[in-house]
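Pasting the sequence and the predicted coordinates here, then a few questions.
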Amino acid sequence: MNESVAKGPVCFVAVTADDGEVIGYAWADDGAAAIGWMDRKASSRSAYQASLDWWRKVKENQELGLAPRAVLTELSRHPAVGPVTGAPSKAAVEELAAIVTPADDRRLLAQLRRDDSAAWQELADAFDVLTEEDRRIGRGGGEELREGVYHVFFPVYSTALLRAVTALSGVGAVTPEHRWMGQYMPELPSDGRLHPADAVRAATAVVRGERFCDGTIAEAVKSGLFDVIGESLRIWYRTSAQ
């Protein structure tokens, strides 16, 4: 849809779900004959699925031969779509699409299994017994399988560390509601505490990321982020009961 050529001012419309969550933004630049769709990065799974349908609507209207802004005008007739609004650049719309709202935080915290006391006890026990030896990451692989063909190296985690990883899933901190690909990884805070929603984001990105890139857990352990995730979640559990 010629999305990459927009450089000057653009116009856009916001598309909203029935519950008020912003699904994403369709934008247009008549001067560059460019139009596109941006899903909101922190949106829920349901909003993301809906965004795929709206992307198709944008494309279908463009294929009717309408000018980019006319496509937005046509979309704005839908009750889920806001008015056509101006923006100084495509980047300004991207900034809107990157906003994380308090509702996003609440949705992630709702994934935590607050009433499963056994799961939270297991999380506490799993992190409490971790030793420095448990946190040392071994290395496997590297052997020659046949002439000129070698097994790639991979991290080897201790049983105790893997227990803590599993415990994060047990309390609901590893959730598909956080679409971690393409989103930021929460940084290690100077005070050693994460906002509980950021702890869910980090737990999801670390645990799910290991499936795609060996060593994601190892990096979180080495930086201290892994322990901060566990502690932040435990603080949330204790304080949420008060």
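Nice, I can see it. Nothing here was measured: the structure is a model prediction, and the numbers come from that model.

sec struct for the residue sitting nearest the centre point of the chain, please.
Central residue of the chain (Cα atoms, centre = their mean): W180, 2.8 Å from the mean position. Three-state call for W180 (DSSP: H, G, I helix; E, B strand; the rest coil): coil.

How about the contacts made by it?
R201, T204, A205, R208, G209 (Cβ atoms under 8 Å, 6 or more residues apart in numbering). For every residue, glycine as well, the C-beta is placed using N, CA and C.

which residues does the closest residue in space to it that isn't next to it in sequence contact?
Distances taken as Cβ to Cβ, 6 or more residues apart in numbering place A205 nearest to W180, at 4.1 Å, with adjacent residues excluded. Going by Cβ under 8 Å, 6+ apart, A205 touches H178, W180, Q183, M185, T216.

could you redo the last one with a cut-off of 10 Å?
Residues near A205 by Cβ atoms under 10 Å, 6 or more residues apart in numbering: V174, H178, W180, M181, Q183, Y184, M185, P186, T216, A220, L225, I229.

Now it: phi and psi?
Main-chain dihedrals, A205, degrees, to the nearest 10: phi -70, psi -40.

Just the pLDDT at it, thanks.
You'll see A205 listed with a pLDDT of 95.

Please tell me how far the residue nearest to the centre of the chain sits from S76.
Distance, W180 to S76, using Cβ to Cβ, to the nearest Å: 32 Å.

Tell me the confidence at H151?
On pLDDT, H151 comes in at 55.

Quick one: neighbours of A92, just the number.
Other residues lying near A92 total 14 when counted by other Cβ atoms under 10 Å.

Off-centre distance for the host helix or strand of I35?
I35 belongs to strand 34-39 when assigned by DSSP states H and E. Between the centre of strand 34-39 and the centre of its chain there are 20 Å (Cα atoms, centre = their mean, to the nearest Å).

Mind putting the contacts of W180 into a markdown table with secondary structure and distance to R238?
Below are these laid out as a markdown table (DSSP: H, G, I helix; E, B strand; the rest coil; distance: Cβ to Cβ, whole Å):
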| residue | secondary structure | distance to R238 |
| --- | --- | --- |
| R201 | helix | 20 |
| T204 | helix | 22 |
| A205 | helix | 24 |
| R208 | helix | 26 |
| G209 | helix | 28 |
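
What about the residues you listed, which one has the most neighbours?
Result: R201 is most packed of the contacts of W180 (other Cβ under 10 Å), 27 neighbours.

Can you tell me how far that residue is from V22?
19 Å.

Strands of this structure, residue ranges please.
For the chain, the strands defined by DSSP state E cover 10-16, 22-29, 34-39, 85-87, 138-140, 144-146, 149-150, 154-156.

tell me the most buried of the ones you listed?
Counting by mean count of other Cβ atoms under 10 Å, strand 22-29 has the highest mean neighbour count of the strands of the chain, with a mean of 26.

Quick one: work out the angle between that strand and strand 10-16.
Between the axes of strand 22-29 and strand 10-16, defined by axes from the mean of the first three to the mean of the last three Cα atoms, to 10 degrees, the angle is 160 degrees.

tell me, how many neighbours does R234 end up with?
18.

ok, and the closest non-adjacent residue to it?
With sequence-adjacent residues excluded and distances taken as Cβ to Cβ, 6+ apart, R234 is closest to A124, at 6.0 Å.

W55 now?
In space, W55 is closest to W37, 4.3 Å off (Cβ to Cβ, 6+ apart).
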